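S.K.: With the input below, show me the fold.
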Amino acid sequence: MELRVLRYFLTIVETGSVTKAAEVVRIAQPSLSRQLRGLERTLGMTLFDRGGKQMVLTAAGRRFLPLARDLVARADAAEAAVGALAAGRAMRITVAAPPTTITDVIAPFLATWGPEDPLVTVQAESPAHAYQALARGADVAISSAPPRSRFAGLPVARLPLWAYVRADHAWADRDRVTIRELAAQPLTVLTPAHRTRRILDNAVQDADASYDILLECDTPHVVQAMAASGHGVAVVSDDPRFDLHPLLILDNSGEPLQIHLHAAWDADHYALHSVEAFAAGLSRFCVERYGPQVAARL
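M.R.: Okay, the predicted model is just below:
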C-alpha cells in the first residue's frame, strides 16, 4: 500500500469524483481509476459505490477513511520533522485542547515565545475528546480529564473554580466564599458535560447542600455574560470577563475547588523532546501567571 495511492483515495473522497480528483492530483483519469482499483484489490474490499453520479463511500470505505487519514497525517508529520531537522528550521507542533484552555492558558503562553521556538497549530476539542485528537495527528493534548495509561504525559496545573459576581453584589469586597454560602445563591452554571460543573455538584453534595440553577449554559463566556447582566452568580474556571469580581470557592473542608489540567502525547512520538518541553513550559507558565498555588502535583 503506497502513501501516494492513499492520498489519491483521500482526494477522491474530498471531490466526490475520480475525474475531479485526477485534475487535482494532475494525473490521467484512467490511471487514477486503475490505481484506485489496485488499492481495493490490496485491501480486499470495495471502497466506493459507483452506481450514482458521485463516488460515495461504502460501509467498508467509511471504516477505512479514518485509517487512511491517520497514515497520511503521520507520514506528513514525519516528513516535516525530518525536513525541519535537516534544514535547521523550527518544527511545527499541533496542540489539541478545550476552547477555554486555548483562550486563557495556551494562547498567552505562546505569546511569550520567540521566533526560534517551534510553530504551533492549535485545534479546539472538548475535554472528553481532546486525547482522541492524538490519533488524528495532534502532537500534544491538554484536557481536564486524566489521560489513559497508554499515553505519556504530565500534570500541568491545578486551576481554581471561581464564583463571579458583579461589582454591586454584596460579595464584591470579598475574595472567597464557602460552598454552603454559594449554594444559597441562584447560580448560572455550565452543563453537566463540563468537569467544572461536576466538581461543583460533588462539592455541594459533600456539604450536604443543594442549589438552585437560574440558568444552565454550554459556553463559559455566556455563563459570565449572564452573571454580568444580573442573572445570578457565575461558576466557571475561566479568567474573569465583563468586569466581574472573582471569588475562590472553598469546599466543606476549607480547601479551594480546583480543576486539574493534564498534558498527554504518544510515548513513542518522533519529536518527544519538543512535546515534553512544550508541556513542561506550559506548566511553568501557569505558575507564573496564576501563582504557586496552581503548581501541579507530580
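S.K.: Pairing partners for the helix or strand that contains A264, with directions?
M.R.: For A264, the enclosing helix or strand under DSSP states H and E is strand 258-266. When pairing is defined by DSSP bridges, strand 258-266 lines up against strand 140-143 (antiparallel), strand 151-160 (antiparallel).
S.K.: Now do the next helix or strand after it and strand 258-266, the angle between them.
M.R.: Later in the chain than strand 258-266, the nearest helix or strand by DSSP H and E is helix 272-290. Put simply, helix 272-290 runs at 160 degrees to strand 258-266, going by axes from the mean of the first three to the mean of the last three Cα atoms, to 10 degrees.
S.K.: Who are the contact partners of S17?
M.R.: Counting by Cβ atoms under 8 Å, 6 or more residues apart in numbering, S17 makes contact with Q54, M55. (C-beta placed from N, C-alpha, C; glycine too.)
S.K.: roughly how far apart are the residue nearest to N252 when sequence neighbours are not counted and L257?
M.R.: Using Cβ to Cβ, 6 or more residues apart in numbering and skipping residues adjacent in sequence, the residue nearest N252 is A207, 4.4 Å away. Counting by Cβ to Cβ, to the nearest Å, the separation of A207 from L257 is 11 Å.
S.K.: Now do the shared contacts for those two.
M.R.: I179, D251.
S.K.: neighbour count winner among the two?
M.R.: A count of neighbours by other Cβ atoms under 10 Å puts L257 above the other of A207 and L257, at 21 against 16.
S.K.: any idea how far the nearest residue to the more buried one once chain neighbours are set aside is from L182?
M.R.: Excluding the flanking residues, the one nearest L257 by Cβ to Cβ, 6+ apart is L161, at 4.1 Å. The gap separating L161 from L182 is 10 Å, by Cβ to Cβ.
S.K.: ok, now V204?
M.R.: Distance from V204 to L182, by Cβ to Cβ: 8 Å.
S.K.: same deal with D239?
M.R.: 19 Å.
S.K.: Those two: who's more crowded?
M.R.: More crowded of D239 and L182, by other Cβ under 10 Å: L182, with 24 against 17.
S.K.: Can you classify the more buried one as helix, strand or coil?
M.R.: helix (DSSP: H, G, I helix; E, B strand; the rest coil).
S.K.: contacting residues for it?
M.R.: Applying Cβ under 8 Å, 6+ apart, the residues contacting L182 are A163, Y211, V233, V235, I249.
S.K.: Would you agree the residue nearest to N252 is in contact with L200?
M.R.: No - contact criterion Cβ atoms under 8 Å: A207 and L200 do not qualify, at 10.8 Å.
S.K.: How about R174: what's its closest non-neighbour residue?
M.R.: Going by Cβ to Cβ, 6+ apart, R174 has L247 as its nearest residue, at 5.9 Å.
S.K.: just R297 next, same as before
M.R.: R297 sits nearest to P155 (Cβ to Cβ, 6+ apart), 6.5 Å away.
S.K.: got a list of what that neighbour touches?
M.R.: P155 neighbours (Cβ under 8 Å, 6+ apart): H260, L261, H262, A263, S283, A296, R297, L298.
S.K.: from these, which single one is nearest T100?
M.R.: Nearest to T100 among those: L261, at 10.5 Å, using Cβ to Cβ.
S.K.: pLDDT score assigned to that closest one?
M.R.: At L261, the model reports a pLDDT of 93.
S.K.: Hmm, C286 and it touching each other?
M.R.: Yes - between L261 and C286 there is a contact at 7.5 Å, judged by Cβ under 8 Å.
S.K.: between these two, which one's more packed in?
M.R.: Set L261 next to C286 and count neighbours by other Cβ under 10 Å: L261 wins out with 25 against 22.
S.K.: residue ranges for the helices of the chain, please.
M.R.: 3-15, 18-25, 29-43, 59-87, 99-101, 107-110, 179-183, 195-206, 220-228, 272-290 (DSSP state H).
S.K.: Determine how far the fourth one lies from the middle of the whole chain.
M.R.: Its chain's C-alpha centre lies 20 Å from the corresponding centre of helix 59-87 when counted by Cα atoms, centre = their mean, to the nearest Å.
S.K.: helices and strands around it, which ones?
M.R.: helix 3-15 (3 or more Cβ pairs under 8 Å, 6 or more residues apart in numbering; DSSP states H and E).
S.K.: May I see the buried residues of the helix it packs on?
M.R.: V5, L6, R7, Y8, F9, L10, T11, I12, V13, T15 (16 or more other Cβ atoms under 10 Å).
S.K.: Residues touching stretch 213-233, excluding its own?
M.R.: Outside stretch 213-233, the residues touching it (Cβ under 8 Å, 6+ apart) are 100, 163-166, 169, 182, 185-191, 193-194, 196, 234-238, 240-244.
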